[in-house]
Every structure is written in structure tokens, then in C-alpha cells.
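Colleague: Sharing a model prediction with you, sequence too.
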Amino acid sequence: MRCKYNLEDIIKYAEKNLCKEESEEIEEHLKSCDKCNTIYNSINLTNHYVNSNVNYKESVLHSIEKSLDKKRYINRKKWLFSIDRFIVNNRKVIRSTLTIACIIFIMMLFFKNTEIDFKEVILSLKENVNYNEAGAGDAKEQDIPSEKDEEQDLLGEEIKEDGVDDYIQSPDGKMFAKVVRRDVGIFDSILITDKQEESYKVVLENIIYTGINDFYWVNNNLIALCGHKNPSANIYVVVDAYYKEIIGEYYGLAFTWNKNKDKLYYVKTSPHFGSVSIGDKIVDTEGNVYYETDESELLTSSLAISEDELNFVFFVRESNAYGYKLVIAKMGDDKKLKKMAELNTSYGEIKFIDNISFTITDIEGGIKKYSIEDL
């Protein structure tokens with residue numbers, strides 16, 4: 001589920017401004033939340049460089065100030081001494097401000113493709129108040145928003161990226177959704193319009209990615225957005241269009257729903273910037289682990305599951321090699337995947353035809369068909 005902690009909570013924890021119970025809760029949370037752990041490491045790194053500055057005693061400044069011949073300076077230069085005094089008296093506040101500024105700067109460098117347009121930030125503060133009235137007024141003119149009406153969005157010009165500026169229609173045709181880039185500050189929103197001519201939005205607050213890989217309806221109620229996070233993982237956000245809220249936020253690869261669309265499987269990768277190398281895992285959103293590699297193997301973004309959820313087919317790659325191996329695994333009674341076969345074949349997209357047959361489409365468009373019974 002979605003993380004309940006924000007930037008302020010992590011800063012208080014890093015500065016040891018929380019009670020023992022709250023500190024223990026966040027310490028335990030950091031072990032499983034990649035997003036909060038990244039923020040915490042950024043704070044520690046920033047504090048390290050800020051605190052590495054040479055410390056000076058206030059008495060030193062007094063001695064220097066007394067040794068100066070202030071009569072040599074005209075009146076308009078006296079403000080320099082006021083600035084020095086202000087810095088000394090408020091150095092703790094200034095240090096905290098610089099720390100926050102450095103954190104923001106580091107995060108901007110890390111997510112370098114996430115641009116901040118301060119003009120749009122100001123517009124967003126002004127126009128969010130009028131959003132519901134403006135959105136409802138536009139929606140009443142038509143069932144499906146036209147290209148002309150979308151030339152200027154609620155917060156100005158949109159960023160067109162990979163077709164996400166277009167509306168996508170729910171399977172039953174009753175609702176439409178689209179991504180509005182940088183809708184609230186640096187965060188995107190999902191704008192949803194239904195057949196009752198009502199529009200509303202779900203803000204992707206504290207969800208940052210460098211690009212959108214996919215955006216689609218899972219079923220008539222759920223919307224999924226997959227964004228690129230870093231070289232080893234994507235972020236996958238699930239939005240409930242009926243309740244107008246985010247119900248899931250996951251980090252990994254190969255996000256795959258079962259036939260009934262009520263369970264999501266995915267590859268949970270080891271941290272990209274982690275100091276300790278651990279194996280990749282095939283998990284579900286409830287935290288169940290079905291398969292785990294050792295340190296020498298890496299799972300990929302190619303995963304397929306049969307409709308009965310008994311057969312799993314996926315690619316693995318040795319961490320120190322470039323070749324891929326196809327793994328066929330079967331779900332056991334203990335809810336763990338048992339490796340049944342392993343093949344050397346070209347990497348590609350896996351798709352089940354039925355519960356025992358599947359195809360692999362390679363990057364050149366070639367298709368190979370396999371039967372699990374023959375392997």
C-alpha cells in the first residue's frame with residue numbers, strides 16, 4: 001500500500017526530533033520502503049557535507065570585529081556588520097535551511113528529467129481553488145474531451161510524452177482518464193471524466209519518475225501508471241477511479257495481473273544503489289514471495305503467468321554475463337515456485353496461449369511456440 005510517511009517525517013527522524021516509539025517505527029519502515037530510504041540517505045549525505053564545514057567560535061568573530069577600524073568605513077557599509085551578526089545569531093536556522101535546499105537540489109539532480117516550472121507552480125496554487133468549477137464547466141459541453149479543448153489544460157501547456165496527453169477509455173466505455181503532467185508543483189495528476197459529465201483528479205503526490213512507460217485501465221475501476229524510476233526498477237501506481245484514490249504503489253519490474261485482475265505479481269529487484277547485493281524476487285502485492293534468485297542471477301522485465309496461476313515463465317540473466325535463460329516454474333502446494341525446466345533462447349515478450357502453451361516474440365518480431373508438456 002501507499003507509504004504514510006512524508007519528507008517532514010524523515011527529516012525529523014534524521015535530526016532525532018522524534019520520540020523513541022516514532023523513531024523505531026520509521027527505522028523499521030526504512031527497511032522496506034525504497035522511496036523513504038532514498039530520502040533518508042540524501043539527508044544523511046547532505047548533513048555530512050554541511051557539518052564538515054570548519055566550526056568557529058563566536059569569540060573569534062568578536063575579536064576580529066574589535067580589531068577593525070570602523071571609522072574607515074562610511075555609513076552605507078555598516079550593514080555588513082549587521083549581516084555578520086545575523087549569521088552568527090541564526091546559524092542553526094540557516095544550517096537547517098541550507099540542508100533542505102541541498103536535499104531538494106540533490107533530488108533534482110537524481111531525477112534530472114523531472115523539470116520544475118516555477119511559473120506553473122504559482123499558477124497551480126491560484127487555479128486549484130477554481131479547478132472543480134472550471135473542470136465541471138468544460139466537461140458539460142461534451143462526453144469525450146476534444147483536441148481543441150485540450151490545447152490548454154487547467155494549469156497551462158501540457159508536456160506531450162509517449163501519448164499520455166490523450167484520454168484512455170475504460171473497458172465498459174463509461175469513463176476516460178489521462179495524465180496531466182506537473183499538475184501540482186512537480187507532481188502529476190490523473191484526470192478522470194465519467195459519462196455523468198463530472199471530472200475529478202487524483203494527485204500523484206510524492207510520486208516521482210523520470211518518464212511514463214505505460215498508462216492503462218486494468219478493469220472498469222482500476223487505472224495503472226508505470227513510470228521509470230531508475231535503471232533497475234520502475235514505479236507502478238494503481239488508482240481506484242470509483243473511490244478517487246491511490247490504492248497501491250510498488251517498485252520493481254514485470255507487473256503482471258492475474259486473469260481476474262484481483263492479484264498483481266511483479267519482480268522485486270535488489271536496490272540499484274544498495275551496498276549489499278541480494279537476490280531478486282517474484283512477489284505479489286500482499287508481500288508473498290514465490291521465487292528468489294541468488295546473487296549471481298537477475299530477473300528481467302519479461303514475465304508471464306498462465307490463467308490458472310500454476311505455471312510461470314520468465315527470463316533470468318547472470319549478473320556477470322549478457323546471455324538470457326528461460327525458466328519454466330510451477331506453483332507448488334506450499335505457494336512456492338519450483339523450477340521445472342531451463343532453456344537457452346532469445347530474449348523476448350512471453351505470452352500464454354493456454355495454461356500449458358506459450359509464445360516468445362523476440363525483438364526482431366520472430367515468434368516461437370512452446371508447450372510446457374514437451375519441455
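Modeller: That came in fine, so what should we check first? Residues are numbered from 1 along each chain as shown.
Colleague: which strands and helices sit next to the biggest strand by length in the chain?
Modeller: Longest strand of the chain, by residue count under DSSP state E: strand 245-257. Applying 3 or more CB pairs under 8 Å, 6 or more residues apart in numbering; DSSP states H and E, one finds that strand 245-257 makes contact with strand 222-230, strand 233-240, strand 264-268, strand 297-305. Yep, even glycine has a C-beta here, placed from its N, CA and C like the rest.
Colleague: what angle separates the second one from strand 264-268?
Modeller: The one in question is strand 233-240. 160 degrees (axes from the mean of the first three to the mean of the last three CA atoms, to 10 degrees).
Colleague: who does strand 233-240 touch, helix- and strand-wise?
Modeller: Partner elements for strand 233-240 (3+ CB pairs under 8 Å, 6+ apart): strand 222-230, strand 245-257, strand 264-268.
Colleague: do that again at 10 Å, thanks
Modeller: Counting contacts by 3 or more CB pairs under 10 Å, 6 or more residues apart in numbering; DSSP states H and E, strand 233-240 packs against helix 34-51, strand 187-194, strand 199-203, strand 211-217, strand 222-230, strand 245-257, strand 264-268.
Colleague: could these go into a markdown table alongside mean neighbour count?
Modeller: Formatted as a markdown table, the helices and strands packed on strand 233-240 follow (neighbours: other CB atoms under 10 Å):
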| stretch | mean neighbour count |
| --- | --- |
| helix 34-51 | 16 |
| strand 187-194 | 21 |
| strand 199-203 | 19 |
| strand 211-217 | 16 |
| strand 222-230 | 20 |
| strand 245-257 | 18 |
| strand 264-268 | 22 |
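Colleague: before we move on, the earlier item: would you mind putting the helices and strands packed on strand 245-257 into CSV with mean pLDDT and distance to residue 35 alongside?
Modeller: Formatted as CSV, the helices and strands packed on strand 245-257 follow (pLDDT from 0 to 100; distance: least, CB to CB, whole Å):
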stretch, mean pLDDT, distance to residue 35
strand 222-230, 92, 9
strand 233-240, 95, 8
strand 264-268, 96, 14
strand 297-305, 93, 20
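Colleague: quick one: residue 33 from residue 207, how far?
Modeller: According to CB to CB, to the nearest Å, residue 33 and residue 207 sit 13 Å apart.
Colleague: How about residue 224?
Modeller: As for residue 224, its distance to residue 207 is 13 Å (criterion: CB to CB).
Colleague: hey, what's in contact with both of those two?
Modeller: residue 237 (CB atoms under 10 Å, 6 or more residues apart in numbering).
Colleague: domains of the chain?
Modeller: Residue ranges for the domains of the chain, per automatic domain parsing: 7-110, 116-244, 258-375.
Colleague: which residue packs closest to residue 37, ignoring adjacent ones?
Modeller: Leaving aside its sequence neighbours, residue 37 sits nearest to residue 30 (CB to CB, 6 or more residues apart in numbering; 5.0 Å).
Colleague: Who are the contact partners of that neighbour?
Modeller: Counted by CB under 10 Å, 6+ apart, residue 30 has contacts 5, 10, 13, 36, 37, 38, 39, 40, 41.
Colleague: So which of these is the closest to residue 104?
Modeller: For the contacts of residue 30, the minimum distance to residue 104 (CB to CB) is 11.0 Å, reached by residue 39.
Colleague: Name the helix or strand for the residue lying closest to that closest one once chain neighbours are set aside, please.
Modeller: Nearest non-adjacent residue to residue 39, counting by CB to CB, 6+ apart: residue 10, 4.9 Å away. When elements are assigned from DSSP states H and E, residue 10 belongs to helix 7-14.
Colleague: Give me the helices and strands touching that helix, please.
Modeller: Here helix 7-14 touches helix 20-30, helix 34-51, helix 91-110, going by 3+ CB pairs under 10 Å, 6+ apart.
Colleague: Residue 185 is nearest to which of the ones you listed?
Modeller: Counting by CB to CB, and looking across all of the helices and strands packed on helix 7-14, nearest comes helix 91-110 at 11.5 Å.
Colleague: I'd like the average pLDDT over that closest one.
Modeller: Mean pLDDT, helix 91-110: 72.
Colleague: Give me the neighbour count for residue 344.
Modeller: Using other CB atoms under 10 Å, residue 344 is surrounded by 8 other residues.
Colleague: what sits against it?
Modeller: Counting by CB under 10 Å, 6+ apart, residue 344 touches 323, 324, 325, 326.
Colleague: Can you give me the distance of it to residue 324?
Modeller: Applying CB to CB to residue 344 and residue 324 gives a distance of 8 Å.
Colleague: State the distance from residue 37 to residue 9.
Modeller: Relative to residue 9, residue 37 is positioned 13 Å away (CB to CB).
Colleague: and for those two, which residues touch both?
Modeller: Counting by CB under 10 Å, 6+ apart, the contacts common to residue 37 and residue 9 are residue 29.
Colleague: hang on, residue 317 in a helix?
Modeller: No - counting by DSSP: H, G, I helix; E, B strand; the rest coil, residue 317 is not found in a helix; it is strand.
Colleague: Was I right to think it contacts residue 269?
Modeller: No - taking contacts as CB atoms under 10 Å, residue 317 lies outside contact range of residue 269: 12.0 Å.
Colleague: Determine the number of other residues adjacent to residue 242.
Modeller: By other CB under 10 Å, neighbour count at residue 242 equals 12.
Colleague: contacting residues for it?
Modeller: Residue 242 touches 175, 192, 194, 220, 221, 222, counting by CB under 10 Å, 6+ apart.
Colleague: what two of these have the greatest distance between them?
Modeller: Using CB to CB, the pair of the contacts of residue 242 lying farthest apart is 194 and 222, separated by 14.7 Å.
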